[in-house]
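> Pasting the sequence and the predicted coordinates here, then a few questions.
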Amino acid sequence: MIKKICCIGAGYVGTPTMAVIALKCPNIEITVVDSNKSRIEAWNSSNSNDFPVKETGLDDIINVVRNKNLFFSSDIEKHIDESEMIFLAVNTPTKKEGKGKGFAADLTNIDQCAKQIAIVSSSDKIIVEKSTLPVRTAERLKQIINKHKQDDVSFEIISNPEFLAEGTAIRDLYKSDRVLIGSDQTNKGLAAMESLVKIYKNWIPEERIIKTNIWSSELSKLASNAMLAQRISSINSLSALTEKTGAKINELSIAVGKDNRIGDKFLNVSPGFGGSCFKKDILNLVYICRQYGLEEVAEYWHQVVKINDYQRKRIFNIINSSLKELKNKRISILGWSFKKDTNDTRESSSIPISSDLIINGASLKIYDPLADKKQIIQDLTTYLESKNLDLKEITCLLSQVKINNTLSECLSNSNAIIVLTEWDEFRQIDWQSYKLNFVDNVLPHIFDTRNILDIELLKSLEYKVLQIGNGDSNIK
Ligand code: UDX
Ligand code: UDX
C-alpha cells in the first residue's frame, strides 16, 4: 500500500490531479513540490484568489485537504526521498533550439527530475510519468537513473498520462472515461502498476482502468491529443468551404456528429485550437515519425497543425478585408484564454490574430473574464519578439493595446468586435441596448469566431456580422 506520494510540478496538471487523489485517498500523504518557489507560496496562500491555476471546484477541494493530507513545499529533495511514489508533472515544451528544434519535446525538465530523484533517493521508488512524453521516454529515464542512483536502491517507471481538459479538470478527474497505466511487463513492473491501480480504484470503476505496456501508454496520450485536434482541424477546414457554398458549418457539425460512428464531440468551429498540449504534442508526434523514417505519416499529422495556422490567418484576412483599412481602427477583442472557464492563455488563437491586427495599425481593447493583464501583455510581447521585432517597435505596438476590466468598457466605441473565446458572458450581451447607446454613426462589424451569438437577431438589428463557416453571414 502506497502511503506517501510526491508530485513534482504544481501546475495545471499536477495540482488538480493530486488534490483529487488526496480527497479520495485520505490515508495517503501527498506533497506537491515545484522549483518555482512563488508558485508554492501561492498554493499555500490563505486566499484562494492567489492560487495560480483557476479550475472550477479546485479551491473547495484544496480548502478541505490542504495541510491534512495534501501539502505544497519547496523542499524538493526531502519529499522525493520520503515518498514511495513520485509523479512527474513538469512541463515539456517544444524545443526552441538544437536537434528537433520547433518539433521535438524539450525533455530538459524531465531529465533533471530523473537525475535529482536518482541522486537523493535512499529507498526504492515508483516513478509515474504524468507529463506527456515522447514514446520510449521511460528508456531514457532508466538510463539517467541507472547512471546516478545509489547501488542498493531500485526504481520502477510506469506511465499514467493525464487526459483532463482545463476548465473541466476536476470533473474529468472524478469521472474519467478511462485511466491508462502502462508498465514493463515484468513482475516488478506489473506490481508497480497494481499499486497505482489500487489508488485509482478508490473512485474509478475497475473496468475503466486500462493496463498496457509502457510504450502503448506513452504513445496513447500523443495519439489521443492528435486525434482530438484532427477533428477540430477537419471542421475548421470545412468552414472555409461552407462559407463559399452557402452551407452552415454548425448544421454540418450536427448532421455529421449524429452518426454514432463519428460522434458529436469536438466538432465546434473555432479560430483554431489553443492550449498547452495539442500543437506541442502533434509536433512531437511528427518528429517521432520522422525519426523512424515515416515521412508520409509525419506529413499527415503535420497537416493538422498547418490547418490550425491557416484558420487563424484566414480569420485575420477576413477581418482585414472587411474593414478595408486596419490603420486607426478601434477593435474590441472578446476573450484571451484559449477556451472558456480557464485563465490559461498558452497558444491561444487570440495571440496571433491580435498581434497581426496591431502590426497592421489597429488599436485593440481586450477583455477576458479571467486572464491576467500582465500575461496578456507578455503573450503579445513574446509573439512579437518571435516576429523579430525589436524592443522599440514592440513598445510602440503595445501602446495600441488597452486591457479593459469590464465587458462594457471593452465594447464601447469600436469599429469592430471579435469574439475569440466562447465565454458565457459574451452570449448574454444585450445587442439592442448596445446599439442604442452607440455613439458613432456606423455600427461595429461583429466577427463571431466561435459561433455563439444569435446571428439572425444581430442581422435584424442591422449589424454587419460574420460567423465562421456560416453562409448566412452578411459580411462575405
Ligand atoms: C502539463 C504536463 O505535465 C505536460 O507534459 C503536458 O503536456 C501539459 O500539461 P502543466 O501542468 O500544464 O503541464 O504545466 P505547468 O502549469 O507549466 O506546470 C509545470 C510545473 O512544473 C511548473 O509549475 C514548473 O515550475 C514546474 N517545474 C518545471 C518543476 O517543478 N521542476 C522542473 O524541473 C520544471
Ligand atoms: C486537451 C485534451 O482535451 C485533454 O484530454 C488533454 O489531457 C490535454 O489537452 P485542453 O487543451 O485543456 O485539453 O482543452 P480542450 O478542451 O481539448 O480544448 C483545446 C482547444 O481546442 C481549445 O482552444 C478549444 O477551444 C479548442 N476546441 C475544442 C475547438 O476549437 N473545437 C472543439 O470542438 C473543441
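Good, I have the coordinates. Ligands and ions are numbered 1, 2, ... in the order given.
> distance of the residue nearest the centre of the chain from ligand 2?
Using C-alpha atoms, centre = their mean, the residue of the chain that lies closest to the mean C-alpha position is residue 275, 2.7 Å off. With distances taken as C-beta to the nearest ligand atom, to the nearest Å, residue 275 is found 3 Å from ligand 2. Backbone N, C-alpha and C define where each C-beta goes, glycine included.
> Ok, residue 362 next?
Taking C-beta to the nearest ligand atom as the measure, residue 362 falls 23 Å from ligand 2.
> can you start the count at 730 instead of 1 from here on
Understood, numbering begins at 730; the last thing we discussed is residue 1091.
> Could you give the secondary structure assignment for residue 1093?
Three-state call for residue 1093 (DSSP: H, G, I helix; E, B strand; the rest coil): strand.
> Could you list everything it pairs with in the sheet?
Judged by DSSP bridges, the bridge partners of residue 1093 are residue 1060, residue 1130.
> before we move on, back to that, nearest spatial neighbour of the residue nearest to the centre of the chain, chain-adjacent residues omitted?
residue 1067 (4.7 Å; C-beta to C-beta, 6 or more residues apart in numbering).
> The one you found: helix or strand, and which one exactly?
Counting by DSSP states H and E, no helix or strand carries residue 1067.
> My guess is it contacts residue 1081. True?
No - Residue 1067 lies out of contact with residue 1081 (C-beta atoms under 8 Å); the separation is 11.9 Å.
> just checking, residue 1078 touches residue 998?
No - in this structure, residue 1078 is not within contact of residue 998 by C-beta under 8 Å, at 12.0 Å.
> related to what we said a few turns ago, which one's more surrounded, residue 1067 and residue 1081?
Using other C-beta atoms under 10 Å, the more surrounded residue of residue 1067 and residue 1081 is residue 1067, with 27 against 22.
> tell me the contacts of that one?
Applying C-beta atoms under 8 Å, 6 or more residues apart in numbering to residue 1067 gives the contacts 895, 1002, 1003, 1004, 1073, 1074, 1075, 1076, 1077, 1078, 1079, 1150.
> that older thread, kindly state the pLDDT recorded for the residue nearest to residue 1004?
With respect to pLDDT, residue 1067 scores 98.
> do residue 1165 as well
Note for residue 1165: predicted pLDDT of 79.
> That one sits in which helix or strand?
Using DSSP H and E, the element containing residue 1165 is helix 1160-1166.
> how far out from the middle of the chain is the helix or strand following that helix?
In the C-terminal direction, the helix or strand that comes right after helix 1160-1166 (DSSP H and E) is strand 1174-1177. Distance of strand 1174-1177 from the chain centroid (C-alpha atoms, centre = their mean, to the nearest Å) equals 25 Å.
> Quick one: mean pLDDT over stretch 896-908.
Mean predicted lDDT for stretch 896-908 stands at 95.
> Sorry, wrong one. I was asking about stretch 754-771.
Across stretch 754-771, pLDDT averages out at 98.
> quick check: longest helix of this structure.
helix 943-974 (DSSP state H).
> hey, where'd the helices end up in the stretch 1080-1205 of the chain?
Under the criterion DSSP state H, counting those that start in this stretch, helices of the stretch 1080-1205 of the chain are mapped to 1102-1115, 1120-1127, 1136-1140, 1153-1156, 1160-1166, 1184-1189.
> got a list of contacts for the shortest one?
Spelled out, it's helix 1153-1156. Helix 1153-1156 is contacted from outside by 1063, 1064, 1069, 1098, 1136, 1148, 1181, 1182, using C-beta under 8 Å, 6+ apart.
> let's see it at 6 Å
By C-beta atoms under 6 Å, 6 or more residues apart in numbering, the residues outside helix 1153-1156 that reach it are 1063, 1098, 1148, 1181.
> quick one: contacts for the last one?
In other words, residue 1181. Contact analysis of residue 1181 by C-beta under 6 Å, 6+ apart lists 1151, 1156.
> Return the residues of the chain in contact with ligand 1.
Residues of the chain that fall close to ligand 1, judged by C-beta under 6 Å from any ligand atom: 737-743, 763-765, 768, 818-821, 838, 841-842, 860-861, 1005-1006.
> Out of these, which sit inside strands?
Of those, the ones assigned to strands by DSSP state E are residue 737.
> Just the buried subset of the residues of the chain next to ligand 1, written out for PyMOL, thanks.
Filtering the residues of the chain next to ligand 1 down to the buried ones (16 or more other C-beta atoms under 10 Å) takes a single PyMOL command:
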select buried, resi 737+738+739+740+741+742+743+763+764+768+818+819+820+821+838+842+860+861+1005+1006
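> Among the residues of the chain next to ligand 1, which are located in helices?
Those of these lying in helices (DSSP H): 743, 768, 838, 841, 842.
> where does residue 897 fall, phi/psi-wise?
The phi/psi pair for residue 897 (degrees, to the nearest 10) reads phi -130, psi 30.
> so what's it up against?
Residue 897 is in contact with no residue at all, counting by C-beta under 6 Å, 6+ apart.
> who touches residue 1196 in this structure?
Neighbours of residue 1196 in contact, by C-beta under 6 Å, 6+ apart: 1177, 1180, 1184, 1202.
> I meant residue 1073, not that one.
Residues in contact with residue 1073 (C-beta under 6 Å, 6+ apart) are 895, 1066.
> at 7 Å what do you get?
Contacts for residue 1073 (C-beta atoms under 7 Å, 6 or more residues apart in numbering) come out as 741, 895, 1004, 1066, 1067.
> Present those residues as CSV; the columns should include distance to residue 783.
Below are these laid out as CSV (distance: C-beta to C-beta, whole Å):
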residue, distance to residue 783
741, 10
895, 9
1004, 15
1066, 9
1067, 13
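> Which of those sits closest to ligand 1?
The nearest member of those to ligand 1, counting by C-beta to the nearest ligand atom, is residue 741 at 3.6 Å.
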